[in-house]
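Chemist: following is a predicted model, sequence given first.
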Amino acid sequence: MLRILGKSSSINVRKVLWACTELGLAFEQEDWGSGYADVQSTYFKALNPNAMVPVLLDGDFVLWESNSILRYLANCYGGQALYPLEAQARARVDQWLDWQAADLNRAWGYAFMGLVRQSPYHQDTAQIAASLAAWNGFMRVLEGQLIQTQAYVAGASLSLADVAVGLSVNRWLETPFDRPQLPAVTAYCDRLSDRIGFQRYGRNGLP
């Protein structure tokens, strides 16, 4: 039985839970993080010295970093439909996984902390505006990609890239600000909403 350590409100934990659902994998999810079990504990930091969720335990194997966990699950448990074996198709999925982690996530950080988490350390209006501008800029990149594919991020079928990017799209839609109209992104989110995993862990009222 797979064990997933991390609170279910975490966007990165939800990636892993959705991927398990797509792959039909049984798992036990344990709440770790703010308000739950302490990620600064000796036990947890022995698993992940960064003291961050999620952490996957598959028998004796321990893995952290959510996108790495997605790749591992697909590689280990017959997820070729989500993570193709052919080099160019796999590279396209990896490209969008890396874009989500390195570019899209970094853009929203300040605005999300200020507008949703109401962090007192993230209330500078100029920095919020700059963060929103960067976030919207990357969402326009996604809009262009979805206009091309007319389906999913990396092509015609659902992939691991959609697990990561789809949750980011949900966060963009659930954050309270005046966002631009991106019809291809909206249609994409509606398309993902047909997936049980996205219903449970994506479009479930959590940003």
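Modeler: Here it is on my side, so go on.
Chemist: strands of this structure, residue ranges please.
Modeler: With strands called from DSSP state E, the chain shows them at 2-5, 27-30, 55-58, 61-64.
Chemist: tabulate the ones you listed in TSV, adding columns for distance to Leu132, mean neighbour count and mean pLDDT.
Modeler: C-beta coordinates here come from the backbone N, C-alpha and C atoms, glycine included. Listed next are the strands of the chain as TSV, based on distance: least, CB to CB, whole Å; neighbours: other CB atoms under 10 Å; pLDDT from 0 to 100:
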stretch	distance to Leu132	mean neighbour count	mean pLDDT
strand 2-5	31	20	98
strand 27-30	32	15	98
strand 55-58	31	21	98
strand 61-64	30	15	98
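Chemist: could these go into JSON lines alongside distance to Ser41?
Modeler: JSON lines is the format used below for the strands of the chain (distance: least, CB to CB, whole Å):
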{"stretch": "strand 2-5", "distance to Ser41": "11"}
{"stretch": "strand 27-30", "distance to Ser41": "13"}
{"stretch": "strand 55-58", "distance to Ser41": "12"}
{"stretch": "strand 61-64", "distance to Ser41": "15"}
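Chemist: so for Asp194, which of the ones you listed sits nearest?
Modeler: If you check each of the strands of the chain against Asp194 by CB to CB, strand 27-30 wins as the nearest, at 22.2 Å.
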